[in-house]
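Asker: Sequence first, predicted coordinates after that:
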Amino acid sequence: MIHFSLPELCHSVTATLNGLDNIPTLAKATNLEYLVDTLLDPLRELYGEPIIVQSGYRCPTLNALVGGVPDSAHVDGLAADISSVGNDRTKNQSLVSLILSTPLPFDQLILYDCLRSGPRWLHVSLRLDPSQNRHHILHR
């Protein structure tokens, strides 16, 4: 883990406001390290600028509070919602283009609140078994 930290991946204002302990188990922390080492750090290196993690690990209660689906990869430590600094849609689109134009592994790439200039943020996830990554691209 070069550009991201475990506290950054677990931080949640919603968890804090609701008194939730959003600390992952050792297995889920290991998954977060895998996510960073396999996808987030390589993406950051290619992008050349900071990437903001808006949401990483979510305990099941937090996931429900924010409206996440019960089987969300966030709960397993295998997903992050990310954006460029300042949520610049054009720069967020550059992140999407990098993911799609390189061999970076991903299971789902979900583009949220997408306009012609780009998404407001994106969800990236992967699976522990790379052969199981579906390479789904969704718009929400």
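Answerer: Yes, it's here.

Asker: Please make it C-alpha for all contacts and neighbour counts, starting now.
Answerer: Noted.

Asker: contacting residues for P130?
Answerer: P105 (Cα atoms under 8 Å, 6 or more residues apart in numbering).

Asker: Is the residue nearest to the spatial centre of the chain bridged to anything, and to what?
Answerer: Nearest residue to the geometric centre of the chain (Cα atoms, centre = their mean): A80, 1.4 Å. Note on A80: beta-bridge partners V124, judged by DSSP bridges.

Asker: what's the burial count for D21?
Answerer: 14 (other Cα atoms under 10 Å).

Asker: Excluding residues flanking it in the chain, which one is nearest it?
Answerer: A15 (7.0 Å; Cα to Cα, 6 or more residues apart in numbering).

Asker: ok so, going back, do you know how far the residue nearest to the centre of the chain is from T30?
Answerer: 14 Å (Cα to Cα, to the nearest Å).

Asker: what does I52 give?
Answerer: 20 Å.

Asker: more neighbours, the two?
Answerer: When I52 and T30 are compared for neighbours, I52 comes out ahead with 19 against 16, by other Cα under 10 Å.

Asker: Please identify the buried residues of the helix or strand hosting the more buried one?
Answerer: In the assignment (DSSP states H and E), I52 maps to strand 51-55. Going by neighbour count (16 or more other Cα atoms under 10 Å), the buried part of strand 51-55 is 51-55.
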